[in-house]
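Colleague: fold the following, please.
(2 chains)
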Amino acid sequence: MGSSQSAQEEQEYRALAERTGFSLDQIRNLHKRFKHLSHDEETLRKEDFDEISDLTPNPIRSQIIDAFFDKRNFGGNEVGRVQEIGFREFLTVMSHFRPLRQNLTEEGIERIRREKLRFLFNMHDKDSDGTITLDEYRSVVEELLSSSAAIEIETATAIADAAMLEVASVTVGEMAPGQVYEGITFEHFLEILKGVEIEAKMHVRFLNVDTTTVRCGKL
Amino acid sequence: MGFLSSVKPVCIVLISFAVLALLSFGANAEDSPKPTTTKPPAKPTEHGPIYTAPPQPLPEPEKSYLPLFTLNYPRVQIPFEITLWVLLASFAKIGFHVYHKITIWVPETCLLISIGLIVGAIMHSVHEQPPAVLTSSVFFLYMLPPIVLDSAYFMPTQPFFENVGTVLWFSIVGTLWNSIGVGICLYGVCQIPALGVQDINLQENLLFASIISAVDPVAVLAVFEDVNINEQLYIVAFGESLFNDAVTVVLYNLFNHVAELPVVDAADVFLGVLRFFLVGLGGMLFGLVFGFVAAFTTRFTRKVREIEPLFIFMYSYLAYLLAELLSISSIMAIVTCALTMKYYVEENVSQRSCTTIRHVIKMLGTVSETLIFFFLGVVTITTDHEWNWGYILFTILFAQIWRGLGIVVLTQIINPFRTIPFNFKDQFGLSYGGLRGAITFALAYTLPNTIIRKKLFITATIAIIIFTVFIQGISIRPIIELMNVRKTNWKLGTINVEIHTRLMEHITAGVEDLCGQWSHHSLKDKFMRFNNRFIRKILIRDNRPESSIVALYKKLELQNAMEVLDTISGDISAAPSLISMHEEKASNKSSFKPKRTFLASDLTAMHEILSKNMYKIRERTMSYTNKHTLPNDSRAREILVRRHTSIRRSLRARSFQGSESARSQKYFSLPLGQSLDTGYATESIRLNADGDPALELHNRSVRPKPRPRSKQPRFSTTRARLDPLQELHSTVNMEDEVRAEESSHRPSRQSSSSSNSRSRAPLQRHSSLGTPSVGEDDPEGDEQQLESPPPAWTPEPPDRGSGGPRNPLLRRAQWKPQDK
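Modeller: Numbers count the residues shown, from 1 in each chain, chains lettered A, B, ... in the order given. Got it, this is the predicted structure:
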C-alpha cells in the first residue's frame, strides 16, 4: 500500500516536473516544505504564510504572499484571487523563479524574460486592469522603502512620481500639453526594464539536496 | 576629462615637491657654510685647550667667504631623482591622452613601457645607470600598498560579494595551479641538457613560476569596461587580479624561504601548506579589525575634517605594516581593510573628504603603477640580460598553456555552483585577459641576490610581461568585439531600474525564505538587517539607513536641476514648465497647464534643489570605476561649478557694479538655511499672487518637459518631498557649512582659521546661492528679463510687493561688509 501510494506520488511528481520544469528532487523538496508550511494539509492559506518568521522583516512581504494567491500567476488566463492554493499552484508560482537553464536559445531567454517580467507586473497591477497606475506604483515604492524608517511617505511618493514620469518620458516621449499618462502598460514595462538582466537576477537556486529535514525534524 | 582631473593633483603635488626640494636645497646650501664662517672667531678659543690644533681657518681666510652659489647634489639626489621620474612618467600619461585615439587601441601600459624603453635607450647611450631605488623593501613597503589599496577601494562592492566564491576560487586555486604547474613543467624542461639551465632546481623554478602567475589585467579591465562586457566576467577579472596578488606574494615568500633550504621534506611541505592558510586568514582578520576600527574612528572626526582622509590611509597602512610585521599576508590585510571600511567611512566623512580619499588613493596607486611600468621599460634596456631562448620561450608557452587549462578546468568545477555559468567565450576572455603586470616585474626585480639565475629570471619575466602586454593587450579588444562576448548594460541610472532591482532582491529573498532555503539572497538580506540594526549603529554617526533608491533619486534630482539650469542659461526658450504630477492627476480633464508663468519660481526651485542636494549626494550607487580614472561624480560637480561660474560672471557683468558686486556675492554665499527659507517664502507668496490655489505647497513639482535635445529622462522635483529644513538639521555636513559660513562672516575676515573651510570650495557655494539672484532680479520671471540687463543692483533694494521676505536679507547684505 505504501509503495502504491509512493508510486502514485511519483507519477504526480513527474507530471508536475514536466509542467513546471523542476527536477524531481526539487519537487520532492518543495513538497516537503509545502507540507511543513501547511501543517500537513492539502492546501495553503494566507495565514500559513504569515507564520513564516523569516519573512516577517521583508518589506514587501504582503506583495509576495499576494502573488501566491493571484490566479494570473497560475499559468491559466484567469483573473482574480483565491483563498487557498494547492501544491500544484504553489509549484507553478515557484517556477517563475527557476534559474535559466544553460544553452537556451535567444527566443527561449526572451520568453522567460517576459514571464518573469509579467510576474513582476502582476505584482504591481493589483486590480488586474492591465496598467500600473500611479497609486499602485506609489504603494509599491512605499512598501519597498518602509524598511528604512527614516524615509517619509512624501519621499516615497516623490520617488514614485519621478519614476512614473521617467516611464512616461521614455515610452511616450514628448507629451502634448494636457496629455496625461494613464499608467504603465506591460509593453511600457518591458521597455523601461529593457536593460536589466532580469533573467539573471530574479531567480532562486532551488536545492536538490534536502536541507529542510533538519528543521522539520525539530518540529 | 576624468583623467586630467586625476593627473592635475599629481602634477601639483609633484611640482610642489620639486619646489620644496629646491627650497630645502637652497636653505641647506646657505646653512651649511655658515658654521665654517662663524667658526674662526668663536670655536677655536673654546676648543683650543683640548684639541690644540685647529689651524685651518687661520691660514686661508679667503676660503671662508660666504659662497654665493653652491651645489649639494648628493644631499637631494634620491628624492630629486624620484621626483623627476614620477614627473616624467606623469607627463607621459598626459601625453598619451593628448591624442586620444591611441589609448583606445593600445593600452596605456604598452605606451608607458615604450616610453620607458625610449628613456632607457637614451640612458644607455650616455652610459647612465637607472637609480637603484626599486629595492625589495621600497617595493613592499611603499609601492605595493598604494596599488593594492587602489584596486581594493574601488572594487564595486555589490557585484564582488555576489561573485565572491568564484573570485576566490580563481584567484587562490588558480594561482596555485599556475605556479605549481608552470614550476614543475619548467623544472622538467630544465633537465634538457641542450638548454644549459640544469642548475635551476625545483624550488627556484617554483619561485619563478609563482612570480609570473600573478595576472594584472589593468589593460584588460579598461577594455572590458569599454566594450560593456558582462558584469560577472568583469568582476571576476578584477577580483582575481586583486586576490592573486595576495596569493602570489604569499607563495613568493614561501618559495623564497624554501629556495634557501638545502633539502625539502614532507614536513616542510605540510608546514608550508598550513602556513599558506594561516597567512591568508590572518591577513583577512587583521584587515577586518582595522577596517572596523577605521570606520569607528571616522565617527568622531566631525570637528577635524581636514585630517579625516588621513585616518583612512593611516589605518590601511597600519594594517599593512602590522601584517608585514607578523609575516602574515599584508595584501590580504589591506584589501580586507579597504573593503570593510569603505562603506561605513564614506557615510561618515564629509563629501569633500570622501573625494579627497578617492583622489589620493587613485593618485598614489596610479603613480606607483606608472613608475613600475616605466621602470620596467628602462630596466629592459639598461641592464645586462641573460638571454636563454629555450627557457624564456618555454616560460611563455607554459604560462599560456597553464593559464588556459586552469581557467577551463576551474570553470568546469565552479560552473555548477554558479547561477550564471561561464560559457566558453567568457572562459576565453578570462584566460586571454591574463596579462602580467607591474607586480610581477617588481617581484622578479626584487629577488634576493642569492638566486644564481636572477638575471635569467628577470629577463624571462620582462619577456613574458612584454609579450602579454603588447600582444594580448593590443589584440584583446578586437578579439572580444569579434567574439561578441555576452554584454551587460552597466550604466543604467534610471530610477525604475533601481526600484525593480531592489524589488527583485526582496522578492527572491522572500521566496527563498518561503522555501526554507538559505542561499545568497536570503543571507544577504539577513546580513543587511544585521548591518542596519547593529553595525551601522555603532559605526556611523547619523544612523539613517538610506535606501539606494533614495540615494539614486537624489543624484538624479541633482542632475536634473543642473540640466534645468543649463537650459535656463543656455536657450531660454526651452525653459521647462512647472506642472506637478499630482496636479496633473487631479485636473485630469481640464487642459490646464501653466506654461511660462512660473519661470522665476522655477529658478528658485532649482536653486533650492541645488542647495539642498549639493552636499547631500553620496555616490552610494557607485558606478564602475576605471582603474585609471576616478569615479564620475567629479564630472557632475564640475559641470555644476562651471555653470555657476558662468552665470555669476554674466550677473556680475550686468547687474553689479564695482566692488559692490563682490560683496553682495559674499552675502549670497552666506546663510544656507536662510536662503532656503527665503526661497520658500518667496515662492509661496509669488504663487499666491499668481492666484493659483490648485498648487499646494507640499505637492508642487517642477516638471521639466522632456526636451528632444537630450534623451535623458526627466524627474519631477517636488518641493516638499525632502523637507529642506529638516534635511538641514539632520545633516551635519550642511550644519557645518553654515556654521563655518557664519563664523567666517561675523568675526573679522582676517581669521583665516575660520574661513578655512569656506575657502576650500568658495566657488561652489558662491555660485549655488548666487543663482537665486537671477530670480530675484526679475520676479516676474520672463525670458526677456534675463536677456535684457536687469535693474542695477542699487544699494536700496527696490521695494517690490512680492519681494517682501527678501528685504531684511538684502539690507543685511549691505551692512555686513561695512561691519567688518
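Colleague: which of the three states applies to A:His203?
Modeller: Assigned by DSSP: H, G, I helix; E, B strand; the rest coil, the conformation of A:His203 is coil.
Colleague: for the helix or strand containing B:Val269, packing partners?
Modeller: Element membership for B:Val269, per DSSP states H and E: helix B:266-298. When contacts are defined as 3 or more Cβ pairs under 8 Å, 6 or more residues apart in numbering or on different chains; DSSP states H and E, helix B:266-298 sits against helix B:231-260, helix B:308-325, helix B:330-348, helix B:536-539. Just so you know, the C-beta spots here come from the backbone N, C-alpha and C atoms, and that holds for glycine as well.
Colleague: quickly compare these and say which is most buried.
Modeller: Mean neighbour count (mean count of other Cβ atoms under 10 Å in any protein chain shown) peaks for helix B:330-348 among those, with a mean of 26.
Colleague: so for that helix, mean pLDDT?
Modeller: For helix B:330-348, the mean pLDDT works out to 88.
Colleague: next secondary structure after that helix?
Modeller: Scanning forward in sequence from helix B:330-348 by DSSP H and E, the next helix or strand is helix B:351-382.
Colleague: relative to helix B:308-325, how tilted is that following helix?
Modeller: Here helix B:351-382 runs at an angle of 50 degrees relative to helix B:308-325 (axes from the mean of the first three to the mean of the last three Cα atoms, to 10 degrees).
Colleague: tilt between helix B:351-382 and helix B:266-298?
Modeller: Using the same axes, to 10 degrees: helix B:351-382 against helix B:266-298 is 140 degrees.
Colleague: can you tell if the very next helix or strand once past helix B:351-382 touches chain A?
Modeller: Proceeding N to C from helix B:351-382, the next assigned helix or strand is helix B:389-414, under DSSP H and E. No. On the criterion Cβ under 8 Å from any Cβ of the partner chain, helix B:389-414 is out of touch with chain A, staying 12.5 Å away.
Colleague: now do the buried residues in helix B:389-414.
Modeller: Buried residues in helix B:389-414, counted by 16 or more other Cβ atoms under 10 Å in any protein chain shown: B:391-392, B:394-396, B:398-400, B:402-404, B:406-407, B:410-411, B:414.
Colleague: hmm, back to that, what's the angle from the helix holding B:Val269 to helix B:231-260?
Modeller: Going by the same axes, to 10 degrees, helix B:266-298 makes 130 degrees with helix B:231-260.
Colleague: nearest to B:His506 among the buried residues of helix B:389-414?
Modeller: B:Ile414 (27.3 Å; Cβ to Cβ).
Colleague: which residues touch the closest one?
Modeller: B:165-166, B:169-170, B:422 (Cβ atoms under 8 Å, 6 or more residues apart in numbering or on different chains).
Colleague: for B:Met155, see how far away B:Thr166 is.
Modeller: Separation of B:Thr166 from B:Met155 (Cβ to Cβ, to the nearest Å): 14 Å.
Colleague: what's around the closest residue to A:Lys71 other than its chain neighbours, how many residues?
Modeller: Spatial nearest neighbour of A:Lys71, excluding adjacent residues (Cβ to Cβ, 6 or more residues apart in numbering or on different chains): A:Glu78 at 4.3 Å. Neighbour count of A:Glu78, defined by other Cβ atoms under 10 Å in any protein chain shown: 10.
Colleague: A:Glu78 sits in which helix or strand?
Modeller: Applying DSSP H and E, one finds A:Glu78 in no helix or strand.
Colleague: just the pLDDT for it.
Modeller: pLDDT, A:Glu78: 71.
Colleague: so it sits right up against A:Ser128, yeah?
Modeller: No. Counting by Cβ atoms under 8 Å, A:Glu78 does not reach A:Ser128; the two are 10.1 Å apart.
Colleague: what touches both of those two?
Modeller: A:Arg72.
Colleague: which intervals of chain A have sub-threshold pLDDT?
Modeller: Where chain A drops to pLDDT under 70, the residues are A:1-6, A:75-77, A:101-104, A:147-152, A:172-181, A:195-200, A:207-219.
Colleague: quick one: the helices in it?
Modeller: In chain A, the helices defined using DSSP state H lie at A:2-20, A:24-38, A:46-50, A:61-68, A:87-94, A:106-124, A:134-145, A:153-171, A:186-192, A:198-201, A:212-218.
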